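> Let me see the structure of the following:
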Amino acid sequence: MTFKAFATGAMLGLAALTATGAALAQDYPTRTIQIIVPYAPGGQGDITARLIAEHLSPALGKPVVVENRPGANGTIGGDLVAKSDPDGYTLEVVVQSHVLAGALMPGLTYDPVDDFEPISLMARTQLGVVVPASLPVETLGDFVDYIEERPGELGFASAGHGSNAHIFTEWFLDMADLDMIHVPYAGSAAAHPDLISGVATMAFDTLASVQGLVGDGRLKLLAVAGAERHPEFPDVPTIAESGFPEYDASSWSALLAPAGTPQEIVDRLNSEVVAILAREDVAERLATLGATIVASSPQEAREIMEDEVVRYTDLIERLELAQ
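Model prediction:
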């Protein structure tokens, strides 16, 4: 075959693929859309996914169902979506820990950034430092003093190895020069009974997950992890205000599709999701869960994901957190 014939064939093949993608997008959707949540029910990703699905279904005119596929810090669900047909019928809602999986698990079977098409960021959620109500501390400074007197004796709970809660806690402990034992659970909600009873001494958890437990006095909220105080807890200082000015960590959620999903479908989904996030009732619902809207373009979402990989990979390597 001559180069000219090869080039002509390649161009025709590309044109056929483009035409197929355009036809797919024009008819999309024709059946049920599945949103995979690679975490246990009740956490940030699960709550956000169900809220989006509730409004995305009528917007698209087809059922949108949410399925939890937890395990291995989100990588079981991530692997499933990465290898799904890129046709817009299998999507995934992830949180920040999704992009860190490559650094944490060197043998990962997919690339957390390159094997996905970002659709939009959706919400940014504050995490808070919570301790049992029975713990004799009232401030983060009190807590630091308490742990310094008991090095290596007490445990902190997380939603699993490599989860946002784990990484953010390890970062804080490193900054504060504290020694605690990591106790991973199958999701943040699974840790709550042990945290309430005092079996676990501390956790970084989303305000969405713990605000009820803080409100009824079963847990104490000592600080929030983001750059600013949260409006739902205006009297609770940030970690930065509590003596660690360089600390600033918050979690985001994003909607992804498999790499290769036609751009027309990505753009359609982005348009619908951004419109949903602009609804006042959705913003109010997310605010009660400790989250704020951060709708974005697909490109903006990709840039955030790439930046987070760079930001946290060094921390993961320095603290030797990879499995």
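
> so what's Ser250 closest to, chain neighbours aside?
With CB to CB, 6 or more residues apart in numbering as the criterion, Ser250 has its nearest non-adjacent residue at 4.1 Å, and that residue is Gly226. Quick note: C-beta positions are derived from backbone N, CA and C, even for glycine.

> Regarding that neighbour, what is its secondary structure?
coil (DSSP: H, G, I helix; E, B strand; the rest coil).

> For it, grab the count of nearby residues.
Gly226 sits with 22 neighbouring residues when counted by other CB atoms under 10 Å.

> who's in contact with it?
124, 126-127, 238, 248-250 (CB atoms under 8 Å, 6 or more residues apart in numbering).

> Test my guess that Ala203 contacts Ser158.
Yes - judged on CB atoms under 8 Å, Ala203 makes contact with Ser158 at a distance of 6.7 Å.

> okay, and the common contacts of these two?
165, 169, 188, 191.

> Quick one: end-to-end length of stretch 62-82, please.
End-to-end distance for stretch 62-82: 23 Å, by CA to CA, to the nearest Å.

> List the buried residues for it?
Buried residues in stretch 62-82, counted by 16 or more other CB atoms under 10 Å: 64, 66, 68-70, 72-75, 77-82.

> next one: phi and psi at Ser251?
The phi and psi values for Ser251, taken as degrees, to the nearest 10, are phi -110, psi 140.

> Disregarding residues adjacent in the polypeptide, which is nearest to the most centrally placed residue in the chain?
With distances taken as CA atoms, centre = their mean, the residue of the chain nearest its centroid is Val95 (1.0 Å). Of all residues not flanking Val95 in the chain, Gly45 sits nearest, at 4.8 Å (CB to CB, 6+ apart).

> can you pull the contacts of that neighbour?
37-39, 93-95, 253.

> at 6 Å instead, please
37, 39, 93, 95, 253 (CB atoms under 6 Å, 6 or more residues apart in numbering).

> For the chain, just list every one of the strands.
33-37, 64-68, 90-95, 116-125, 127-132, 155-158, 181-184, 202-206, 219-224, 251-258, 291-293 (DSSP state E).

> tell me which strands and helices the last one is in contact with?
I take that to be strand 291-293. For strand 291-293, the elements it packs on are strand 116-125, judged by 3 or more CB pairs under 6 Å, 6 or more residues apart in numbering; DSSP states H and E.

> quick check: angle from the strand it packs on to strand 202-206?
110 degrees (axes from the mean of the first three to the mean of the last three CA atoms, to 10 degrees).

> and strand 116-125, which strands flank it?
With DSSP bridges as the test, strand 116-125 is paired with strand 251-258 (antiparallel), strand 291-293 (antiparallel).

> Let's have the ones you listed in JSON lines, adding mean neighbour count and distance to Val131.
Shown next, in JSON lines, are those (neighbours: other CB atoms under 10 Å; distance: least, CB to CB, whole Å):
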{"stretch": "strand 251-258", "mean neighbour count": "26", "distance to Val131": "20"}
{"stretch": "strand 291-293", "mean neighbour count": "20", "distance to Val131": "22"}
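
> any chance of the ones you listed in CSV, plus mean pLDDT?
Below are the strands paired with strand 116-125 laid out as CSV (pLDDT from 0 to 100):
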stretch, mean pLDDT
strand 251-258, 95
strand 291-293, 87
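
> would you list these in JSON lines and tack on distance to Arg150?
Formatted as JSON lines, the strands paired with strand 116-125 follow (distance: least, CB to CB, whole Å):
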{"stretch": "strand 251-258", "distance to Arg150": "28"}
{"stretch": "strand 291-293", "distance to Arg150": "34"}
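
> Would you tell me which of the ones you listed gets closest to Val99?
strand 251-258 (9.0 Å; CB to CB).
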